[in-house]
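K.L.:
got a predicted structure here, sequence first:
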Amino acid sequence: MVENKEEYFELLKDIKNTLLITRNKIVENANKELILMYYRIGLKLLENNKWGSSFIDTLAKDLKIAFPNLKGMSARNLRYMQKFAKEFDNDEFLQGVLAKLSWNHNQTLLDRVKDKTKRKWYATETINNNWSVSILTHQIETKLYERQALLENKTTNFDTTLPSPYKEQTKYLLKDPYIFDFINTNTNLKEIDIEQELISNISKLLLELGNGFAFIGRQYHLEIEEEDYYIDLLFFAS
């Protein structure tokens, strides 16, 4: 019989948190080992590319016989492993970033981003922002790297109005241009119509604004020196 229910529920909460943390670590470590295994297999395939690419088909069949219940050893996936090993070095970036991404994320980066600098940037941003594969694909298709990472593309007055390092940090938060392709393309839209479209698609709007933005309000009221002002859309950037 539990004498102190508060202590019991505190114990229950503590054990549940321990289970959740441990389970997440197990999943994370399992994914890391899977990605590193794919990398090592890819290296072995590269070392034996003297046999051409057709031997991979034979290898996939033999692996299927040896491990009938093992998934991920198709000829197609083996070729992805080979490409993965060719494109990346076994360095800290592989261990610290790529191994944290799912295999689908890594395949998306291999397929859609050819430049290694861009690929590393998208991989890092995926980890920082916890992007799904579909969001990562969207960010690549809308050229987020060019719009956000390349500071020289942005026109601002931050160089003269903000000290370092704040001007660089603030520039990085901005994109040039912003893409609101979810807005109705009617050329006769008024400002209030655009505002309504943005609010109706607030999740897409926040995705485009990027990490660190929170929506505060619409037609947000401010009183300054006994004068009333209304901000169309107010956001907070951390």
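P.N.:
Right, received. Where do you want to start? Numbers count the residues shown, from 1 in each chain.

K.L.:
now do the contacts for residue 49.
P.N.:
Shown in contact with residue 49 (C-beta atoms under 8 Å, 6 or more residues apart in numbering): residue 82. Every C-beta, even on glycine, is put in place using the N, C-alpha and C of the backbone.

K.L.:
ramachandran angles for it?
P.N.:
phi -70, psi 0 (degrees, to the nearest 10).

K.L.:
could we number from 142 for the rest of this?
P.N.:
Right, with 142 as the first residue, what we last looked at is residue 190.

K.L.:
show me what the helix or strand containing residue 183 is packed against.
P.N.:
Following DSSP states H and E, the helix or strand that holds residue 183 is helix 146-188. Contacts defined by 3 or more C-beta pairs under 8 Å, 6 or more residues apart in numbering; DSSP states H and E place helix 146-188 against helix 216-228, helix 233-237, helix 244-253.

K.L.:
for the following helix or strand past it, buried residues please.
P.N.:
Sequence order places helix 195-207 as the next helix or strand after helix 146-188, per DSSP H and E. Within helix 195-207, the residues that count as buried by 16 or more other C-beta atoms under 10 Å are 197, 200-201, 204.

K.L.:
packing partners of helix 195-207?
P.N.:
Using 3+ C-beta pairs under 8 Å, 6+ apart: helix 195-207 touches helix 216-228.

K.L.:
tell me the average confidence for the helix it packs on?
P.N.:
Averaged over helix 216-228, pLDDT sits at 95.

K.L.:
what's next to that helix, contact-wise?
P.N.:
179-184, 186-187, 190, 194, 197-198, 200-201, 247-248, 251, 257, 260.

K.L.:
buried members of those residues into PyMOL, please.
P.N.:
Only the buried entries of these go into this PyMOL selection, using 16+ other C-beta under 10 Å:
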select buried, resi 179+180+182+183+184+186+197+200+201+247+248+251+260
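
K.L.:
give me the below-cutoff pLDDT ranges for this structure.
P.N.:
Applying pLDDT under 70 to the chain flags residues 142-144, 292-362, 364, 366-371, 373-379.

K.L.:
repeat that with 50
P.N.:
308, 313 (pLDDT under 50).

K.L.:
now the angle from the helix holding residue 183 to helix 216-228?
P.N.:
Orientation check (axes from the mean of the first three to the mean of the last three C-alpha atoms, to 10 degrees): helix 146-188 against helix 216-228 gives 90 degrees.

K.L.:
circling back to that earlier point, any chance of the helices and strands packed on helix 146-188 in CSV, with distance to residue 149 too?
P.N.:
Shown next, in CSV, are the helices and strands packed on helix 146-188 (distance: least, C-beta to C-beta, whole Å):
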stretch, distance to residue 149
helix 216-228, 49
helix 233-237, 41
helix 244-253, 42
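
K.L.:
so which of these is nearest residue 166?
P.N.:
In terms of C-beta to C-beta, the element of the helices and strands packed on helix 146-188 nearest to residue 166 is helix 233-237, at 15.8 Å.

K.L.:
helices and strands around the closest one, which ones?
P.N.:
helix 146-188.
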